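1. The following block contains a protein sequence and its predicted model.
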Amino acid sequence: MTPQPQPLPRPRPAAGRRARRLAASAIAVAVAGVVAWGAFAPVPVPVGREQPFVIPHGTWAKRMSGDPVDILPQRIRLTLGINDVLVLTNQDDVPQTFGPALLMPGQSFSLPFELASEYQFACTAHASGQMTILVEPFPASPWGRLRWRVLALVDAFGDKTHEPHA
């Protein structure tokens, strides 16, 4: 009689697999904690609700020479009750038009928003000649707060800012 090959004993899970499972579980718990905080923590309401938008010195000259003006955002996101007043400041040498305002050099203009909507404004500082202001409602629900925080984080890592770079 010929001996039958015996199956090899099943190896026990390696300590490395256990460590990976434990690390994955810890990461999942941490992510769940961050999401829960983002959804349920109250949104801080600042005392001043102004969002600055600065037209930097030399913007018009750059545009006229054909250089790209990438310091100005095409879209500004505001939130009612948090930062719902856009403060426009013209630091350029020439007057600039932004929507209803003609800003002389060195002049500032406050533009408050009371309704959540998307607004299109004519803007002579942009090559396209326009700029979009997206005014969102106050994030009152947990999902609204989570969405607001995620969008704020995405905007913080964007390549455009509301103020000129030093």
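-> All right, it came through fine.
2. show me what contacts Pro42?
-> Arg145 (Cβ atoms under 8 Å, 6 or more residues apart in numbering). From N, CA and C alone the C-beta is placed, and that goes for glycine too.
3. Trp60 now?
-> The contact partners of Trp60, by Cβ under 8 Å, 6+ apart, come to 92-94, 96, 124-125.
4. Quick one: distance of the longest helix anywhere in the chain to the chain centre.
-> As assigned by DSSP state H, the longest helix anywhere in the chain is helix 15-40. Offset of helix 15-40 from its chain centre (Cα atoms, centre = their mean, to the nearest Å): 25 Å.
5. quick one: buried residues of it?
-> 38-39 (16 or more other Cβ atoms under 10 Å).
6. quick one: average confidence on it?
-> Average pLDDT, helix 15-40: 84.
7. what's it packed up against?
-> Helix 15-40 is packed against helix 142-156, with contacts defined by 3 or more Cβ pairs under 8 Å, 6 or more residues apart in numbering; DSSP states H and E.
8. The helix it packs on to helix 15-40, inter-axis angle?
-> Between helix 142-156 and helix 15-40, the angle comes out at 100 degrees (axes from the mean of the first three to the mean of the last three Cα atoms, to 10 degrees).
9. Show the low-confidence segments of this structure, by residue range.
-> Along the chain, segments meeting pLDDT under 70 span 1-2, 8-15, 71, 158-166.
10. And the strands in this protein?
-> Taking DSSP state E as the criterion, the chain carries its strands at 50-55, 75-79, 85-90, 96-98, 101-103, 108-112, 117-122, 130-136.
11. any chance of these in JSON lines, plus mean neighbour count and distance to Phe40?
-> Formatted as JSON lines, these follow (neighbours: other Cβ atoms under 10 Å; distance: least, Cβ to Cβ, whole Å):
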{"stretch": "strand 50-55", "mean neighbour count": "20", "distance to Phe40": "26"}
{"stretch": "strand 75-79", "mean neighbour count": "19", "distance to Phe40": "18"}
{"stretch": "strand 85-90", "mean neighbour count": "20", "distance to Phe40": "28"}
{"stretch": "strand 96-98", "mean neighbour count": "19", "distance to Phe40": "38"}
{"stretch": "strand 101-103", "mean neighbour count": "16", "distance to Phe40": "40"}
{"stretch": "strand 108-112", "mean neighbour count": "14", "distance to Phe40": "30"}
{"stretch": "strand 117-122", "mean neighbour count": "13", "distance to Phe40": "28"}
{"stretch": "strand 130-136", "mean neighbour count": "17", "distance to Phe40": "19"}
